[in-house]
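> Mind looking at a prediction? Sequence and model below.
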Amino acid sequence: MKTLPAKAKEIVKHKRTGKIYASKAAFDADVADPATDTTAKDFRQDLEITVASLEVFGKTN
């Protein structure tokens, strides 16, 4: 099996507002801030995978 080069990007978001944080630490700081209503349950983490190239071989009719 051929290995393809790929990039993985972690995306940390607030579930209710959709705000994107620079890191999990930035989210944790928002949770710790008494001036916000953010809780640990608002945490959402996505992983974006980007594959550099893909070659497809075969015939289609």
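Noted; the coordinates are in hand. Residues are numbered from 1 along each chain as shown.
> need the strands for this structure, in chain order.
Per DSSP state E, the chain carries strands over the ranges 6-14, 20-21, 43-51.
> got CSV for those, with distance to Thr36 and mean neighbour count too?
For glycine as for every other residue, the C-beta is placed from the backbone atoms N, C-alpha and C. Shown next, in CSV, are these (distance: least, C-beta to C-beta, whole Å; neighbours: other C-beta atoms under 10 Å):
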stretch, distance to Thr36, mean neighbour count
strand 6-14, 9, 12
strand 20-21, 12, 16
strand 43-51, 13, 11
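> Of those, give the one that comes closest to Val31.
strand 43-51 (8.1 Å; C-beta to C-beta).
> tell me the angle of the closest one relative to strand 6-14?
Angle of strand 43-51 versus strand 6-14, following axes from the mean of the first three to the mean of the last three C-alpha atoms, to 10 degrees, is 160 degrees.
> which other helices and strands contact strand 43-51?
Packing contacts for strand 43-51, counted by 3 or more C-beta pairs under 8 Å, 6 or more residues apart in numbering; DSSP states H and E, involve strand 6-14.
> what lines up beside the strand it packs on in the sheet?
strand 20-21 (antiparallel), strand 43-51 (antiparallel) (DSSP bridges).
> Distance to Ala6 added to those, as a markdown table?
Shown next, in a markdown table, are these (distance: least, C-beta to C-beta, whole Å):
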| stretch | distance to Ala6 |
| --- | --- |
| strand 20-21 | 21 |
| strand 43-51 | 5 |
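> Nearest to Asp37, out of the ones you listed?
That would be strand 43-51 among the strands paired with strand 6-14, by C-beta to C-beta, at 13.8 Å.
> From the chain's centroid, how far away is that closest one?
3 Å (C-alpha atoms, centre = their mean, to the nearest Å).
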